[in-house]
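Q: here are the coordinates; sequence isn't available:
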C-alpha cells in the first residue's frame, strides 16, 4: 500500500521503464518513476525510445513489497476489578506492537499514552457498581510496515461488596444464624457451606469467613461469633443505710431481672431491710444468656445518744449541755453542745446525735428553774419579832441601819424548812 519513487541516474525524458522484461510492458518514461506495487516486482529501465536499443542495455530495479502483519490475538477479554489484563498480543508475522487505551471515567489504571510491548498489562479498577469496558487500539508492525489497527475490548466486572453481618455474641450451647449479602453465590469457612444463610453452634468463639462470587469475581468478609458462659449481670455496689432508711436496687447487663428475698421480677426496686441483708439478682441478656450477681445492704446501728441528766437550777444560773454516744451533736432552741448558756425559763432541750456512719438518734433533757423563797419581815417601824415555826421559829427584826432583816433563832429551834416572806 506504500509508494516509492525510482530514479534513473543519467536518465532523461526518453528514458523508458518496463515491467516483465526489457522492452516488455512500458509503465513510464522519464528520469523518475513513482510506483505503488502490490507485491515484489522488478522494473527495467533504459535510455532511448527506439527498438534499436538492445535488451541488454536495460538495468533491472527490484522493488520488494513487505506484507502488512495481521493481528491474530484475542479481540476481547474479561477481568475482575483490581486484576491485571495480561493479554498477550500476536500477529501472523509481526515483531512489535503499539497499543493505547481509550479513557473510561469509571476505570482507573488504563494507559492512555501509547505503549510498546507485546502484552497489555494494565491493572484495572472498576469504581462503579456495574461492568465497564476499556477499549485498546493495537497496531502491529513488521519490517517497518504497520498492520491494520485492531480494537481489543476489556470488560471489567466490579468486585462484589460482601457483608457477612455484624459480630454476634451467644451463650454456650445455643446457635445463631449468619447471613451474607452482596453476591450471587457464597462459600463459608469453616464448614464449606454454600448458602447465603447458615446456622452455626460453635463451642468456643469462632470467626467465620464468607467468600461471595458474582460474574466470576469474588470478595470476602468475616464475622466473629463470641461464645460466652453467661450474661455479665451487675447488681450494683454494696450499700450502707441506717435503720428505717431505704435504698434502690438497680441491676445492669441484662434486659430482664429477678431478685430473691421476695422482691420478684423487675429493676430499680426500693428496699428497707431491718438488718444487714444480701440481695441476689438473676438477669437475662438480649442473647438469652443468664447471669447472677449480688450486693449487700448493710444496716448500721443507731447511735445511743444521751443528752445528760435533768437539772434544777436557780434563775440566772448558767448551764452547759453535753451530748454523748455519737460523733456530732445538734441542739434545738439555739443551744450549742458544750457551750454554757443561761435558761430564761424551764425548758426541755432535744439533742440530735450523728454517728460516724451517718445515722442519727435523739435524746432530751429538762432544765427546771427553781422558785426563789419569799421572806416577810413585818412593818418597817416596829421591832416586834415575827415568829415562825409555831412558837419554835426564828425571830425576825428590821434593821433600821442597813434596811436588811436580822434573824434571831432560839437555841431550841428544831431543824426544818421555813418560808419567810419579806414585804
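A: On my side now, so go ahead. These figures come from a predicted structure and were not determined experimentally.

Q: what pairs with the closest residue to residue 256 other than its chain neighbours across the strands?
A: Using C-beta to C-beta, 6 or more residues apart in numbering and skipping residues adjacent in sequence, the residue nearest residue 256 is residue 284, 4.9 Å away. Placement of C-beta: from N, CA and C, glycine included. Residue 284 forms beta bridges with residue 256, residue 290, as assigned by DSSP bridges.

Q: pretty sure residue 284 contacts residue 231?
A: Yes - with the criterion set as C-beta atoms under 8 Å, residue 284 and residue 231 qualify as a contacting pair; they are 6.3 Å apart.

Q: got any residues that touch both of these two?
A: Taking C-beta atoms under 8 Å, 6 or more residues apart in numbering as the criterion, residue 284 and residue 231 both touch 254, 290.

Q: more crowded one of the two?
A: For residue 284 versus residue 231, neighbours defined as other C-beta atoms under 10 Å are more numerous around residue 231 (23 against 19).

Q: Distance check, the more buried one against residue 325.
A: Counting by C-beta to C-beta, to the nearest Å, the gap from residue 231 to residue 325 is 47 Å.

Q: do the same with residue 108
A: When distance is defined by C-beta to C-beta, residue 108 is 86 Å away from residue 325.

Q: Of these two, which one has the most company?
A: Comparing residue 108 with residue 325 by other C-beta under 10 Å, the one with more neighbours is residue 325, at 16 against 13.

Q: nearest spatial neighbour of the more buried one, skipping sequence neighbours?
A: Leaving aside its sequence neighbours, residue 325 sits nearest to residue 304 (C-beta to C-beta, 6+ apart; 4.3 Å).

Q: Please apply the same query to residue 38.
A: With sequence-adjacent residues excluded and distances taken as C-beta to C-beta, 6+ apart, residue 38 is closest to residue 65, at 6.7 Å.

Q: Would you check that the one you found makes contact with residue 41?
A: Yes - counting by C-beta under 8 Å, residue 65 sits close enough to residue 41 to count as a contact (7.4 Å).

Q: wait, isn't residue 61 in contact with residue 6?
A: Yes - with the criterion set as C-beta under 8 Å, residue 61 and residue 6 qualify as a contacting pair; they are 5.5 Å apart.

Q: Show me where the stretch 251-400 of the chain dips below the pLDDT cut-off.
A: Residues of the stretch 251-400 of the chain that meet the criterion pLDDT under 70 lie in 375-400.

Q: Going along the chain, name the strands of it.
A: In order along the chain, the stretch 251-400 of the chain carries the following strands (DSSP state E, counting those that start in this stretch): 256-259, 264-265, 269-271, 277-284, 290-299, 311-313, 328-331, 347-354, 360-369, 386-387, 395-398.

Q: JSON lines for those, including distance to residue 214?
A: Rendered in JSON lines, the data for those read as follows (distance: least, C-beta to C-beta, whole Å):
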{"stretch": "strand 256-259", "distance to residue 214": "43"}
{"stretch": "strand 264-265", "distance to residue 214": "50"}
{"stretch": "strand 269-271", "distance to residue 214": "55"}
{"stretch": "strand 277-284", "distance to residue 214": "41"}
{"stretch": "strand 290-299", "distance to residue 214": "42"}
{"stretch": "strand 311-313", "distance to residue 214": "100"}
{"stretch": "strand 328-331", "distance to residue 214": "78"}
{"stretch": "strand 347-354", "distance to residue 214": "76"}
{"stretch": "strand 360-369", "distance to residue 214": "75"}
{"stretch": "strand 386-387", "distance to residue 214": "132"}
{"stretch": "strand 395-398", "distance to residue 214": "130"}
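
Q: Nothing else from me, thank you.
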